[in-house]
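Peer 1: Here is the input, now give the coordinates:
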Amino acid sequence: MANPWAGEVALVIDGERQKLKLTLGALAELEAELDSDSLVALVERFEEGGFSTRDVLALIVAGLRGGGWQGQAADLMAAEIAGGPMQAAKVAAELLARAFCVPDATA
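Peer 2: As a prediction, this is how the structure comes out:
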């Protein structure tokens, strides 16, 4: 079970529920992967709906690593994600939101 108060989000990959979390190390790796000086531009792309599939994949990989996963981005290329690309994008956006704000107490 993902704990939103700990910044966690759940995603089902190849039939297995995975816990994703953007730790400080995962965020640093994400910045390096996206060749970005900061995450502000990435957050803005998600807020404006201008994110790319590369952004989504990088966030999912960073979140998985923050949750303890030891794989590589290439491992997800043929993976079956429950809910497809739309669910992956939703989870990526939730990861960003949970990394930088406290979840709604009613959620």
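Peer 1: roughly how far out does the lengthiest helix in the chain sit from the chain middle?
Peer 2: If each helix of the chain is counted by residues according to DSSP state H, the longest one is helix 84-100. On the basis of C-alpha atoms, centre = their mean, to the nearest Å, helix 84-100 sits 5 Å off its chain's mean C-alpha point.
Peer 1: Which strands and helices lie in contact with that helix?
Peer 2: In this structure, helix 84-100 packs against strand 8-13, strand 16-21, helix 40-48, helix 53-66, with contacts taken as 3 or more C-beta pairs under 8 Å, 6 or more residues apart in numbering; DSSP states H and E. Where C-beta positions appear, they are placed from N, C-alpha and C, glycine not excepted.
Peer 1: Using PDB, list the CA coordinates for the second one.
Peer 2: I take that to be strand 16-21. Included here for strand 16-21 are C-alpha records, laid out as PDB according to Å, rounded to 0.1, in the frame of the first residue of the first chain:
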ATOM      1  CA  GLU A  16       2.900  -6.500  -9.700                       C
ATOM      2  CA  ARG A  17       2.100  -3.500  -7.500                       C
ATOM      3  CA  GLN A  18       5.100  -1.300  -7.200                       C
ATOM      4  CA  LYS A  19       5.700   1.500  -4.700                       C
ATOM      5  CA  LEU A  20       7.200   4.700  -6.200                       C
ATOM      6  CA  LYS A  21       8.800   7.600  -4.200                       C
END
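Peer 1: residues making contact with it?
Peer 2: Residues from elsewhere that reach strand 16-21, judged by C-beta atoms under 8 Å, 6 or more residues apart in numbering: 2, 6-12, 60, 63-64, 66-69, 91, 95.
Peer 1: repeat that for 7 Å
Peer 2: 2, 6-11, 60, 63-64, 66-67, 69, 91, 95 (C-beta atoms under 7 Å, 6 or more residues apart in numbering).
Peer 1: how about those, which pair is most distant?
Peer 2: Using C-beta to C-beta, the pair of those lying farthest apart is 6 and 60, separated by 17.8 Å.
Peer 1: So between the two, which is more surrounded?
Peer 2: The neighbour comparison of residue 6 against residue 60 (other C-beta atoms under 10 Å) goes to residue 60, with 25 against 10.
Peer 1: Just the buried residues of the contacts of strand 16-21.
Peer 2: If you count burial by 16 or more other C-beta atoms under 10 Å, the buried members of the contacts of strand 16-21 come out as 2, 7-11, 60, 63-64, 66-67, 69, 91, 95.
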